[in-house]
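My questions concern the predicted model and sequence given below.
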Amino acid sequence: MIGLARFVMRGRLQALLVAVAGAGSLLFSWISAAAIALVAMRRGPGAGLWLLMWAVFPAAAVLAMTGDSGPLSLLVGTTVLAVVLRVSVSLPLAVLAAVPVGLATGALTLALGGPLLDQVVAFFDQFLTSVEQQMAANGQAVTALPRPTPLQVAGMLGAANGLLSVVCLLLARWWQAALYNPGGFGVEFRALYYPPAAAAAMLLGALALVGMGLEYRPWAVIVTLPLMFAGLGLLHAWVRRRGRGRGLLVGFYLAWMLFDLVKLAVVGVALADSWLRWRQRWGDDTDESGNDGHSRD
């Protein structure tokens, strides 16, 4: 992966090749998104937006032919986060920008992505119907499983795009640090922290959405994405402080991907850290701002 980052930074033509090559595929669009973010952070927003302009063409072609807006949304979302990081030199602020990115993605999908939403809703309906039929065939008592609505699906897609945009940004930031500031990314990510006012605002926003009904729960997830990554940063800081191996992190991330309860626990720990400031008490190798000061390297 570092070799790919070196190739991207070798020149404008190389960066353009990588940005365009994967932009038309959901399978590889994350590489294009991370490459654009790397250029935007290293060479400035203008260079990143120039790459995005060209990468939009294959992504828009996929949208026109299949109705899949995933690649286009990921490219735009990641670029927005990278520009915020470049301008603000603040990883917490850049990750916080995933909230409006995710909400905008969901809202635009709900307003303009009718065919895509219908396809996803139909897929879930078919899948859940087959599950009900299999349960009935096995002699189990069958109750109708709840079907997601277009509003829920739009929220899920918004949450997914917000999450993946942050992941692509972090990958690009890791590339940048590996090339120009070895070790800087680890310091920056382990310091990812939100003050009590920001954490409380995200918590209240998520609770308000949850209170509006089941359909809005995926939208609440979007609002808690920054806290999710702050909690993961805290975990990495704790593992480093305790001298634990990578096996613990691998096992945790597997559980994090599979179980919603683990995700909720990570958010809860991040909320507690906002008030208790565990990392500052530990005297870790991070400053309170969550920034190692090298985002423009």
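Looks like it came in fine.

Buried residues, the lowest-mean-pLDDT helix or strand in the chain. List them.
None of the helices or strands of the chain scores lower by mean pLDDT, DSSP states H and E than helix 278-282, at a mean of 80. For helix 278-282, the neighbour count (16 or more other C-beta atoms under 10 Å) marks Trp278, Arg279 as buried. Backbone N, C-alpha and C define where each C-beta goes, glycine included.

what packs against it?
Helices and strands touching helix 278-282, by 3 or more C-beta pairs under 8 Å, 6 or more residues apart in numbering; DSSP states H and E, are helix 217-242.

can you state the direction angle for whatever helix or strand comes next after the helix it packs on and helix 217-242?
Past helix 217-242, heading to the C-terminal end, the next element that is a helix or strand (DSSP states H and E) is helix 246-258. Relative orientation of helix 246-258 and helix 217-242, computed by axes from the mean of the first three to the mean of the last three C-alpha atoms, to 10 degrees: 170 degrees.

I'd like the average pLDDT over helix 246-258.
Averaging pLDDT along helix 246-258 yields 88.

CA atoms only for that helix, dumped as PDB, please.
What follows is the C-alpha trace of helix 246-258 in PDB, where atoms were taken according to Å, rounded to 0.1, in the frame of the first residue of the first chain:
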ATOM      1  CA  ARG A 246      -1.900  -6.500  17.700                       C
ATOM      2  CA  GLY A 247      -3.900  -9.700  18.300                       C
ATOM      3  CA  LEU A 248      -6.100  -8.000  20.700                       C
ATOM      4  CA  LEU A 249      -6.900  -5.200  18.200                       C
ATOM      5  CA  VAL A 250      -7.600  -7.800  15.500                       C
ATOM      6  CA  GLY A 251     -10.000  -9.700  17.800                       C
ATOM      7  CA  PHE A 252     -11.700  -6.500  18.800                       C
ATOM      8  CA  TYR A 253     -12.200  -5.200  15.300                       C
ATOM      9  CA  LEU A 254     -13.800  -8.600  14.300                       C
ATOM     10  CA  ALA A 255     -16.200  -8.200  17.200                       C
ATOM     11  CA  TRP A 256     -16.800  -4.600  16.300                       C
ATOM     12  CA  MET A 257     -17.800  -5.500  12.800                       C
ATOM     13  CA  LEU A 258     -20.100  -8.300  13.900                       C
END
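
Might you calculate how far that helix sits from the centre of the chain?
Averaging C-alpha positions (C-alpha atoms, centre = their mean, to the nearest Å) puts helix 246-258 17 Å from its chain's average.

Go through that helix and flag the buried ones.
Of the residues in helix 246-258, those buried (16+ other C-beta under 10 Å) are Phe252, Trp256.

Enumerate every residue touching Leu258.
Contact partners of Leu258, counting by C-beta atoms under 8 Å, 6 or more residues apart in numbering, are absent.

For Ala230, the count of nearby residues, please.
Applying other C-beta atoms under 10 Å, we find 30 other residues in the vicinity of Ala230.

Make 792 the first number, not 1, from now on.
Sure, I'll start numbering at 792, so the last one becomes Ala1021.

who's in contact with it?
For Ala1021, the contacting residues are Pro883, Val886, Leu983, Tyr984, Tyr985, Ala1061, Asp1064, Ser1065, by C-beta under 8 Å, 6+ apart.

Let's have those residues in TSV, adding pLDDT.
Written out in TSV, the entries for these read as follows (pLDDT from 0 to 100):
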residue	pLDDT
Pro883	96
Val886	97
Leu983	94
Tyr984	93
Tyr985	95
Ala1061	95
Asp1064	93
Ser1065	92
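
Neighbour-wise, give me the winner out of the residues you listed.
Of all these, the highest neighbour tally under other C-beta under 10 Å goes to Val886, namely 28 neighbours.

does that residue really touch Phe980, like I thought?
No - in this structure, Val886 is not within contact of Phe980 by C-beta atoms under 8 Å, at 9.8 Å.

follow-up on the earlier one: pick the one among the contacts of Ala1021 closest to Ser864.
Using C-beta to C-beta, Val886 comes nearest to Ser864 of those, at 17.3 Å.

Which ones among the contacts of Ala1021 lie within helices?
Pro883, Val886, Ala1061, Asp1064, Ser1065 (DSSP state H).

Tell me the one of those residues nearest Ala855?
When the ones in helices among the contacts of Ala1021 are ranked by distance to Ala855 (C-beta to C-beta), Val886 comes first, at 31.4 Å.
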